[in-house]
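Chemist: build the 3D model from these lines:
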Amino acid sequence: EVQLEESGGGLVQPGGSLRLSCAVSGFTFSSYSMSWVRQAPGKRPEWVSSITAGGYTTSYADSVKGRFTISRDKAKNTLSLQMNSLKPEDTAVYYCARGWGLVPRDSWGQGTQVTVSS
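Modeler: Next comes the predicted model:
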């Protein structure tokens, strides 16, 4: 069974940082590109970032470029998202997803809430 379990969300002030993690099991992690997507209340899902299976190529949405960094740890079967200089508009539920880009919802984890507010 494919399992994607996100953690690390929380409440942070504007300008602050958070690091999200996604523990993966049930498939060969090293064979798949992985992504982060987010969904704010009342809005459509938004692709945030993707990383190739080998970790050598990454891509970011313009809205997070220069502030967020995606990475993966093959030994720990873990996907991460380092988020710096957070803004209120980054508030959303963040989902770890198997695949590249805005993949179907059935490839997402359960999500972790990120709230950026003073």
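Chemist: dig out what L4 forms beta bridges with.
Modeler: As for beta bridges, L4 partners with V24 under DSSP bridges.
Chemist: now do the contacts for it.
Modeler: Shown in contact with L4 (C-beta atoms under 8 Å, 6 or more residues apart in numbering): 22-24, 95-98, 108-110. (Each C-beta comes from the backbone N, C-alpha and C, glycine too.)
Chemist: just the buried subset of those, written out for PyMOL, thanks.
Modeler: This is how PyMOL selects the buried members of those, with burial counted by 16 or more other C-beta atoms under 10 Å:
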select buried, resi 22+23+24+95+96+97+98+108+109
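Chemist: can you tell me which of the contacts of L4 end up in helices?
Modeler: With helices taken from DSSP state H, there is no overlap with the contacts of L4.
Chemist: which of the contacts of L4 fall within strands?
Modeler: Using DSSP state E, the members of the contacts of L4 that fall in strands are 22-24, 95-98.
Chemist: so the most centrally placed residue in the chain, which state does it fall into?
Modeler: Centroid-nearest residue in the chain: W36, 3.0 Å away (criterion: C-alpha atoms, centre = their mean). Secondary structure, DSSP: H, G, I helix; E, B strand; the rest coil: W36 is strand.
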